[in-house]
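Asks: For reference, the sequence and a predicted model appear below.
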Amino acid sequence: MTVDVGVIGATGLVGQEMLRILEQRDFPVGRLRAYASPRSEGRELTFRDGTVTCEVLRDGCFDGLDLVIVDVDDPLALEWAPVAAAAGARVVDNSAAFRMED
């Protein structure tokens with residue numbers, strides 16, 4: 001079984017570390033989608049034996065993903081984590097945006 005994963009903030013320090021952890025722990029990633037700011041759109045990131053191309057966040061970008069990892073500041077997390085959840089993905093948010101919510 002594989003898990004289709006999205007990482008929001010993939011070019012930042014935490015996002016890059018998350019990609020390394022997924023790789024080091026041999027997490028069963030099927031499809032990987034990397035999301036970053038418009039200035040990083042098209043940037044290639046190394047993952048396992050290949051690369052993944054950075055995309056910008058847009059309507060429908062989480063469709064078909066099983067897990068979305070959020071590694072951005074609170075305002076972006078507040079905006080996009082609920083969108084990922086509404087698309088059917090499990091969301092792991094590393095920001096402080098939702099820490100006090102049930």
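Replies: Now that the structure is in, tell me what you want to look at. Everything quoted here is computed from the prediction, not taken from an experiment.
Asks: What strands flank the strand or helix carrying A34, and is each parallel or antiparallel?
Replies: Of the helices and strands defined by DSSP states H and E, A34 is found in strand 29-35. As defined by DSSP bridges, the strand partners of strand 29-35 come to strand 3-8 (parallel), strand 50-55 (parallel).
Asks: Check what contacts the first one and list those residues.
Replies: Where contact means C-beta atoms under 8 Å, 6 or more residues apart in numbering, the residues beyond strand 3-8 that reach it are 15, 18-19, 22, 27-35, 57, 61-62, 64-72, 76-77, 80, 84, 89. In short, each C-beta sits where N, CA and C put it, glycine included.
Asks: Mind checking which of those land in helices?
Replies: Using DSSP state H, the subset of these located in helices is G15, M18, L19, L22, L76, A77, W80, A84.
Asks: Could you identify the buried members of the contacts of strand 3-8?
Replies: 15, 18-19, 22, 29, 32-35, 57, 61-62, 65-72, 76-77, 80, 84, 89 (16 or more other C-beta atoms under 10 Å).
Asks: Tell me how far V83 lies from R20.
Replies: V83 sits 26 Å away from R20, going by C-beta to C-beta, to the nearest Å.
Asks: Show me which of these two is the more surrounded one.
Replies: Between V83 and R20, V83 has the larger neighbour count (other C-beta atoms under 10 Å), namely 16 against 12.
Asks: okay but that one is in contact with L65, surely?
Replies: No. Applying C-beta atoms under 8 Å, one finds V83 not in contact with L65, separated by 11.2 Å.
Asks: circling back to that earlier point, which of the ones in helices among the contacts of strand 3-8 sit farthest apart?
Replies: L22 and L76 (20.5 Å; C-beta to C-beta).
Asks: Kindly provide the whole-number mean pLDDT of the strand holding A34.
Replies: For strand 29-35, the mean pLDDT works out to 98.
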